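Engineer: A predicted structure for the sequence below; I have some questions about it.
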Amino acid sequence: MLKGEGQFSRKCIDEALDLLKAVCPIPAPSHNEDRRVDFIMDWLKDKGIEAHVDRAKNVIIPYNDDGVRPLDVFAAHTDVVFPDTTALPMRQEGDILHCPGVADDSANFVAVLMYALEFHRLRPETENGVLFVCDSCEEGLGNLHGIRALCEDYGERMASFTSFDSILGRGIVSTAIGSERYRITVRTAGGHSFADFGSPNAIAQLAQIITKLYGQRTDSRLTTYNVGTVEGGTSVNTIAQEASCTYEFRSSSEDSLDRMRGLFESIISSFRARNMDISVECIGTRPCSCGVDTKALEDVAERLSASYGLSTRRGASSTDCNIPLSLGIPSICFGLIYGEGTHKREEWADLSSYPKGLDLGWDYILAVTGADAHAWPSL
């Protein structure tokens, strides 16, 4: 039995909870994670741990990396889905910590920091080099910018990639859901709501397009579409000159993505044929998996999850793993804290589940890296 099993959280839980409550209120919209990055770098400096921030605002903490040997990478993202630039509201009620982004993904990147700290304290032998990463731009229009940059710099040496994301007990993600995202904009002459009544209204025309998009039938329950935002118009007494929406489709199949793209282009063309002024901008893409073998990582996560009484269900999602999976790098994703309300302002996490999650992640890292835990001092 590895020395770490079930024991890691006993040593670090108080420090982890203090760190979680310190980082949760720090705003971190995608592409604007600077304040969290600065906090993390100050924390690491105070602990005497060397790290650097790359061009994509990833905080990278290397361990046993000689610049040549293969790398096992363990990451969690620092950005939250909300655009707030002021402090995120946080409150605690018993074991429940309420804060936007607390489980997705603040608790997970705090865990990554705790794992990096313990590795640097105890200096275990590992088969490969290790990178602990707090990465940027996982959410929404962040478009996985952080992991794209990480894979550009280290991808040729990555033996494995693990993202700590999502919710403890929800199983293991090993299949990437790809997506394409667009901004659709409609423009008209507009005018005064009374004097120019009957003139084309950009909002009404956009509504027709949205209705047509929602009339599509997908070929699989793993192929979906969504209109996420709508905006436009000037005032209640103005015929709108411009209106826009954001639209995406997702699938685990490249063929299905191609089919959805064809349907989308056909719908837009049909409205352009009515002399509507429509512009379409691609604002994000995420690739699917490319058939890479993830069994070794899945087996480790499944065995350990089962030992903690957690679900071993294997599923598909859109995560930081999309990029390495598309490049043939074995990658999986699972979460380290239980919570609800992901992508809602009412999001909360159950702090009583955190010790189990911290221990699960720790045991997983020991197994993947082959760390010589038997030689470590007692935790």
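Structural biologist: That came through, no problem.
Engineer: tell me what the longest helix along the chain is packed against?
Structural biologist: Ranked by residue count and defined by DSSP state H, the top helix of the chain is helix 254-272. With contacts taken as 3 or more CB pairs under 8 Å, 6 or more residues apart in numbering; DSSP states H and E, helix 254-272 sits against strand 178-187, helix 202-213, strand 223-232, strand 242-251, strand 277-286. Quick note: C-beta positions are derived from backbone N, CA and C, even for glycine.
Engineer: measure stretch 145-165 end to end?
Structural biologist: End-to-end distance for stretch 145-165, by CA to CA, to the nearest Å: 16 Å.
Engineer: residue ranges with poor pLDDT in the stretch 251-379 of the chain?
Structural biologist: 372-379 (pLDDT under 70).
Engineer: which residues in it form strands?
Structural biologist: 277-286, 314-317, 331-334, 338-340, 348-350 (DSSP state E, counting those that start in this stretch).
Engineer: most tightly surrounded among those strands?
Structural biologist: strand 331-334 (a mean of 28; mean count of other CB atoms under 10 Å).
Engineer: got the CA coordinates for that one in CSV?
Structural biologist: Below are the C-alpha coordinates for strand 331-334, written out as CSV (Å, rounded to 0.1, in the frame of the first residue of the first chain):
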residue,chain,number,x,y,z
SER,A,331,-5.5,12.4,-20.9
ILE,A,332,-8.3,12.1,-18.4
CYS,A,333,-10.3,14.5,-16.1
PHE,A,334,-12.0,14.1,-12.8
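Engineer: now do it: distance to the chain's middle.
Structural biologist: Distance of strand 331-334 from its chain centroid, counting by CA atoms, centre = their mean, to the nearest Å, is 11 Å.
Engineer: could you do stretch 139-159 as well?
Structural biologist: With CA atoms, centre = their mean, you get 12 Å for stretch 139-159.
Engineer: equivalent analysis for stretch 276-291, please.
Structural biologist: The answer for stretch 276-291 is 18 Å, by CA atoms, centre = their mean.
Engineer: picking that back up, redo the helices and strands packed on helix 254-272 as TSV? Include distance to residue 324.
Structural biologist: Below are the helices and strands packed on helix 254-272 laid out as TSV (distance: least, CB to CB, whole Å):
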stretch	distance to residue 324
strand 178-187	14
helix 202-213	31
strand 223-232	23
strand 242-251	18
strand 277-286	12
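Engineer: give the contact list for the residue nearest the centre of the chain.
Structural biologist: In the chain, the centroid-proximal residue (CA atoms, centre = their mean) is residue 138; its distance is 3.9 Å. Counting by CB atoms under 8 Å, 6 or more residues apart in numbering, residue 138 touches 30, 77, 79, 105, 144, 146, 147, 165, 319, 320.
Engineer: now it: closest residue in space, sequence neighbours ignored.
Structural biologist: Leaving aside its sequence neighbours, residue 138 sits nearest to residue 77 (CB to CB, 6 or more residues apart in numbering; 3.6 Å).
Engineer: which residues does the one you found contact?
Structural biologist: Residue 77 sits in contact with 105, 108-109, 134-139, 146, 163, 165, 320, where contact means CB under 8 Å, 6+ apart.
Engineer: can you tell me which of those residues are in helices?
Structural biologist: 108, 109, 146.
Engineer: how far off centre is stretch 70-89?
Structural biologist: Offset of stretch 70-89 from its chain centre (CA atoms, centre = their mean): 8 Å.
Engineer: start the count at 304, not 1, going forward
Structural biologist: In the new count, where the first residue is 304, that last one comes out as stretch 373-392.
Engineer: mind listing what's buried in it?
Structural biologist: By neighbour count with 16 or more other CB atoms under 10 Å, stretch 373-392 contains the buried residues 374-385, 387, 391.
Engineer: now intersect these with the strands, please.
Structural biologist: 374, 375, 376, 377, 378, 379, 380 (DSSP state E).
Engineer: out of these, which is nearest to residue 666?
Structural biologist: Using CB to CB, the shortest approach to residue 666 within those belongs to residue 377, at 12.6 Å.
Engineer: OK, contacts around the closest residue to the closest one other than its chain neighbours?
Structural biologist: Counting by CB to CB, 6+ apart, residue 377 lies nearest to residue 465, which is 5.1 Å off, once chain neighbours are set aside. By CB under 8 Å, 6+ apart, the contact set of residue 465 is 375, 376, 377, 378, 600, 634, 635, 636, 667, 668, 671.
Engineer: what does residue 642 give?
Structural biologist: Taking CB under 8 Å, 6+ apart as the criterion, residue 642 is in contact with 405, 406, 407, 410, 470, 650, 651, 652, 653.
Engineer: nearest to residue 581, out of these: which one, please.
Structural biologist: Nearest to residue 581 out of those is residue 407 (CB to CB; 34.1 Å).
Engineer: quick one: that closest one from residue 642, how far?
Structural biologist: 8 Å (CB to CB, to the nearest Å).
Engineer: next, residue 364: phi, psi?
Structural biologist: Dihedral pair for residue 364: phi -120, psi 100, per degrees, to the nearest 10.
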